[in-house]
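Asker: Need a 3D model of the following:
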Amino acid sequence: MEIDSSRISIRPFKLMDADDFMLWAGDDQVTWSLQRRQTFTSKEEALNFIKDVCIPHPWRCLSICLDDRSIGFISIFQGSDDDDRCKADMGYGVARDYWGQGMITTKAMKIILSRVFKEVPDLVRLQAYADVDNKASQRELEKVGFQEEGLLRKYSFLKGKIRDLLIYGILSTDSLPIEPPSMLKPKADTITLRPFKISDVDDFMGWAGDDNVTRYCRWDTYTSRDDALVFLEEVISSHPWYRAICTNDDRPIGSIYVMPGVGKDQRRGEIGYAISAKYWGKGIATKAVKLAISCVFKEMKFLERVEGLVYAENKASQRVLEKAGFIKEGLLKKYFFVKGKSRDIVVYGIFN
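Answerer: Numbers count the residues shown, from 1 in each chain. Below is the predicted model:
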């Protein structure tokens, strides 16, 4: 019986998915053609992979779900160098029980294609490789609009054999599937700000461990849950005003802080914020900034001014501050040296 496509969704992996994850990731017949993945042999391996890779970097491994139960994965692996950020590799796989029901992977790829070029910065090309013997995968790629671009002979040494691969590509300017935003992007009609809790660590890693989020932050991407725990326990807990941005279910999807100056500069504070990439483009950052400003001017009576310092190339964050009522005050050239590069900074300010 054909599966109703409305039962299929895409979401980030959770630790509780480990048993379902093993149904396909522990099956040699599923993993034999996967370019970057060996067969998992234990639930512990699966838990570590979900914790260390899937949760910190959700686009690298998203769960294909049937009735919210994980039955496979789809990954988007973007180039890390500036010259390669324009393109990303796509991979996917589903549990053997669902083979022959091509509409599952077709639906999953349509959901991804409807969102990926909007949500992954700088991406203009998505490419996928299919083994010459894997006719089913070739048909699935063609169904959603990928174009076969060529045959790469003896291209990949995969699991003991040199393989010929077909390369497929699709561009952001091509005709792309249109899916309801709710299929991938969670709703967050209202938000709240609250102090962080230690139990927030896994949610915290969802954005603090994502290079796409931290590329405009002055701090480095978190790669370890233990480091995140230390930050929550020792830094955030002692910070004058550092809050979790939460959705309707009280789960953090980002962070926002205001740091007052020291001594005579105490009347001036600096604002900073970060939002999980899944929630970009929904106005959440603007709501959070407005709410934060309202709170800090009430709670810190000594504050007269809050300023935002934004990288000149970060146009999205500049729009957030402007929508929240901040006034653009100037450009500071080569003001910060961050992550190996001198940065031009745009200064925004708002007054009590």
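Asker: Share the number of residues neighbouring Phe297, please.
Answerer: 18 (other Cβ atoms under 10 Å). C-betas here are computed from N, CA, C, even on glycine.
Asker: which strands and helices sit next to whichever helix or strand it is part of?
Answerer: Phe297 is part of helix 284-299, with elements assigned from DSSP states H and E. Contacts defined by 3 or more Cβ pairs under 8 Å, 6 or more residues apart in numbering; DSSP states H and E place helix 284-299 against strand 192-195, strand 242-246, strand 252-260, strand 268-275, strand 305-311, helix 315-323.
Asker: May I see the buried residues of the third one?
Answerer: Yep, that's strand 252-260 we're talking about. 252-258, 260 (16 or more other Cβ atoms under 10 Å).
Asker: now those in CSV, with distance to Asp227 and pLDDT?
Answerer: Shown next, in CSV, are the buried residues of strand 252-260 (distance: Cβ to Cβ, whole Å; pLDDT from 0 to 100):
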residue, distance to Asp227, pLDDT
Pro252, 17, 92
Ile253, 20, 93
Gly254, 18, 94
Ser255, 15, 96
Ile256, 20, 96
Tyr257, 18, 96
Val258, 24, 96
Pro260, 26, 94
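Asker: sorry, back to before: select, out of the helices and strands packed on helix 284-299, the one closest to Lys341.
Answerer: Between Lys341 and the helices and strands packed on helix 284-299, the shortest gap by Cβ to Cβ is with strand 305-311, which sits at 9.9 Å.
Asker: neighbouring contacts of the closest one?
Answerer: Residues from elsewhere that reach strand 305-311 (Cβ atoms under 8 Å, 6 or more residues apart in numbering): 216, 258, 267-272, 293, 296-297, 317-318, 321, 326, 329, 332, 335-336, 343-352.
Asker: So what's the residue count around the nearest residue to Tyr129 once chain neighbours are set aside?
Answerer: Leaving aside its sequence neighbours, Tyr129 sits nearest to Leu165 (Cβ to Cβ, 6 or more residues apart in numbering; 4.6 Å). Leu165: 21 surrounding residues under other Cβ under 10 Å.
Asker: Quick check: which ranges of the stretch 101-250 of the chain have low pLDDT?
Answerer: Across the stretch 101-250 of the chain, residues meeting the criterion (pLDDT under 70) sit at 102, 159, 178-189.
Asker: ranges for the helices of the stretch 1-150 of the chain?
Answerer: 18-25, 28-31, 43-49, 103-119, 135-143 (DSSP state H, counting those that start in this stretch).
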